[in-house]
Structures are given as structure tokens and as C-alpha cells.
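**Student:** predicted model follows, preceded by the sequence.
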Amino acid sequence: MDLQNQQRIKDAAEKFGAENVVVILGSSDAEGAEIYAETVSNGDPTFAGSLAGVSLGLPVYHVFEQDIREECDPEEWEAQISMMEMVLDPDALAAAVKGIREQFSKHAL
């Protein structure tokens, strides 16, 4: 996760309260999704950004998770996401993010 996005997420958590912020990822690989999820919930594991050593405990989801899909307009899902769902591994992506969320998130949807 780039340094600017780390700062944006940190600023949002400070402004609105971590209990009022949910991060939704759209990463295309499970390893990257897992690192991004850890960064926003437990702190930047590379110690390179503004979230280095900062455990916000934010709930983080992958867009392919059922909880998120249920919140989406079906027509928009079809137009914006369904193609990627066919070429990626949605289950692996969702599982990678869910594992981090269950381990480090302090808040829920």
C-alpha cells in the first residue's frame, strides 16, 4: 500500500473514529491483499509508511466477500466487478483478507 493511501486511511480513522471506518480492498492477488489488510488493521509490516507500528484495528474486507457483495447494487456489480470475478480467485482473495481481519480487527461492520 503506497504511503499516500496509508496516510489517507490514518486520517479517516482519526477524523471519523476507527469504529466508523471500513476498508474494502480490490487486490488481484492474495498475498498483496493480505499485506494491505495487515497494514490497515495491525500496522505496516514493512515499517515504511505512516501506519508503521500503528494498529488501527480497522475492519478490512475484500470486495469479493459476501458481506460486501450483498451491499452492492446488482447492476453495478455486474458492470464493474463480475468480469474480474471470473478471471481471479475470489475465494482465495476473500480468505486472505478474512484471516487478517479475524486476527487483528478490533471493529466490525
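**Tutor:** That came in fine, so what should we check first? Note that the structure is predicted; figures quoted are calculated from it, not measured. Residues are numbered from 1 along each chain as shown.
**Student:** how far away is the residue sitting furthest away from the middle of the chain from Gln66?
**Tutor:** Most distant residue from the mean C-alpha position of the chain: Glu75, 22.7 Å away (CA atoms, centre = their mean). Using CB to CB, to the nearest Å, one gets 18 Å for the distance from Glu75 to Gln66. Yep, even glycine has a C-beta here, placed from its N, CA and C like the rest.
**Student:** list of residues touching the helix or strand encompassing Ala33?
**Tutor:** Following DSSP states H and E, one finds Ala33 within helix 30-41. The list of residues contacting helix 30-41 from outside it, by CB atoms under 8 Å, 6 or more residues apart in numbering, reads 1, 6, 9, 23, 25, 27, 45, 49, 51, 55-60, 62, 89, 92-93, 95-97, 99-101, 103-106.
**Student:** check contacts around His62.
**Tutor:** Contacts for His62 (CB under 8 Å, 6+ apart) come out as 24-27, 33, 68, 90, 93-94, 96-98.
**Student:** what's the closest non-adjacent residue to it?
**Tutor:** Counting by CB to CB, 6 or more residues apart in numbering, Val97 is the residue found nearest to His62 once chain neighbours are left out, at 4.2 Å.
**Student:** from Val63, how far out is that neighbour?
**Tutor:** Distance from Val97 to Val63, by CB to CB: 9 Å.
**Student:** what touches both of these two?
**Tutor:** Joint contacts of Val97 and Val63 (CB under 8 Å, 6+ apart) are Leu25.
**Student:** comparing those two, which residue is more hemmed in?
**Tutor:** For Val97 and Val63, the more surrounded residue by other CB atoms under 10 Å is Val97, and the numbers stand at 27 against 20.
**Student:** which strand or helix spans the residue farthest from the centre of the chain?
**Tutor:** Applying DSSP H and E, one finds Glu75 within helix 74-80.
**Student:** okay, the next helix or strand along the chain from that helix in PDB with CA atoms only?
**Tutor:** Following helix 74-80 in sequence order, the next helix or strand is helix 82-87 (DSSP H and E). Extracted C-alpha coordinates of helix 82-87, given in PDB (Å, rounded to 0.1, in the frame of the first residue of the first chain):
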ATOM      1  CA  SER A  82     -18.300  -9.500 -12.400                       C
ATOM      2  CA  MET A  83     -15.600  -9.800 -15.100                       C
ATOM      3  CA  MET A  84     -12.800  -9.700 -12.600                       C
ATOM      4  CA  GLU A  85     -14.600 -12.300 -10.500                       C
ATOM      5  CA  MET A  86     -14.400 -14.700 -13.500                       C
ATOM      6  CA  VAL A  87     -10.600 -14.300 -14.000                       C
END
